[in-house]
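S.K.: Sequence and predicted structure are below.
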Amino acid sequence: MAQQSRINMIQIRRKKDITDELTKQIKESNDNIVKVSGISKISSSALKELYGTDKTLTVMFDDYDLSIRGQDVFNANNEINTILDLSETSDGLLINLTDENKLPGTISIALKNESDKYRYFYLMSDNKEYQRLNALSNNVIKISSVGKYLLTEKNMNKFKINIVWVLGAAGVILLMSLIYIFTKKKYWFW
């Protein structure tokens, strides 16, 4: 039992050292872009060091690069889990960000593999409704909140007819027709 708690303490220290290493690297960097790889979580201490600066932290993976600018951080107390749940579906690429923590700001995800085929970017609700977000630009998407996101080549929003607009247009046409009849054709009914 004591051995297990000792191992847990060593793992916590190692994670803290990695976090402190990242914070130190951000602090000591003279470049505006700090690139790292193999970091699974960006801690609040690293985000506090990044907060309000012109620096950008980029965590590199095989399939994507995750970046956050110092000026986009608005709550440095939140941490970022950098390992994304990417899965192919019949509709496209599903990005699942259902971490219970809120994001500290806007993050950018640059996709590497076959991402040029996707044209549309949606936020999915639980009942499969899609809210279209800004289009992809140079295979980079920007996310500011947790949720399920879909990259696809299909237009998922169906054309919806709003009944209020249809009734309003019909009312305007009827009103214009009556005005025309009573002003131009006043002898029709005499």
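M.R.: Right, received. Where do you want to start?
S.K.: mind listing what N113 touches?
M.R.: D63 (CB atoms under 8 Å, 6 or more residues apart in numbering). Any C-beta I mention is one placed from the backbone N, CA and C, and that applies to glycine too.
S.K.: and it, how far is that from D62?
M.R.: As for N113, its distance to D62 is 8 Å (criterion: CB to CB, to the nearest Å).
S.K.: go on, Y118?
M.R.: Y118 is 18 Å from D62, by CB to CB.
S.K.: who has more neighbours, the two?
M.R.: Neighbour comparison, Y118 and D62: the larger count goes to Y118, with 19 against 7 (by other CB atoms under 10 Å).
S.K.: residues contacting the more buried one?
M.R.: With CB under 8 Å, 6+ apart, Y118 has these contacts: 92-93, 111, 136, 151-153.
S.K.: Where do the helices of this protein begin and end?
M.R.: Remark: helices assigned in the chain by DSSP state H are 2-28, 44-50, 163-184.
S.K.: Let's check: the centremost residue of the chain is which one?
M.R.: Central residue of the chain (CA atoms, centre = their mean): I143, 2.0 Å from the mean position.
S.K.: Show me what that one is bridged to.
M.R.: When bridges are called by DSSP bridges, I143 pairs up with I107.
S.K.: My guess is it contacts P104. True?
M.R.: No. I143 is not in contact with P104 according to CB atoms under 8 Å; the separation is 11.9 Å.
S.K.: neighbour-wise, which of the contacts of Y118 leads?
M.R.: Busiest of the contacts of Y118 [other CB under 10 Å] is L151, holding 22 neighbours.
S.K.: Would you check how far apart that one and T106 are?
M.R.: Applying CB to CB to L151 and T106 gives a distance of 17 Å.
S.K.: so what's E79 up against?
M.R.: E79 sits in contact with 41-44, 47, 101, 104, where contact means CB under 8 Å, 6+ apart.
S.K.: can you check K35 too?
M.R.: Counting by CB under 8 Å, 6+ apart, the residues that K35 touches are 58, 60.
S.K.: pLDDT value on it, please?
M.R.: Looking at K35, its pLDDT reads 89.
S.K.: for the record, mean pLDDT for stretch 91-110?
M.R.: 79.
S.K.: Show me the shaky parts of this structure.
M.R.: 1-20, 99-101, 114-116, 127, 131, 135-137, 156-161, 185-190 (pLDDT under 70).
S.K.: quick check: domain ranges of this protein?
M.R.: Listed domain ranges for the chain are 2-152, 160-190 (source: automatic domain parsing).
S.K.: Can you get me the centre-to-centre distance for the first one and its chain?
M.R.: The chain centroid and the centroid of domain 2-152 are separated by 10 Å under CA atoms, centre = their mean, to the nearest Å.
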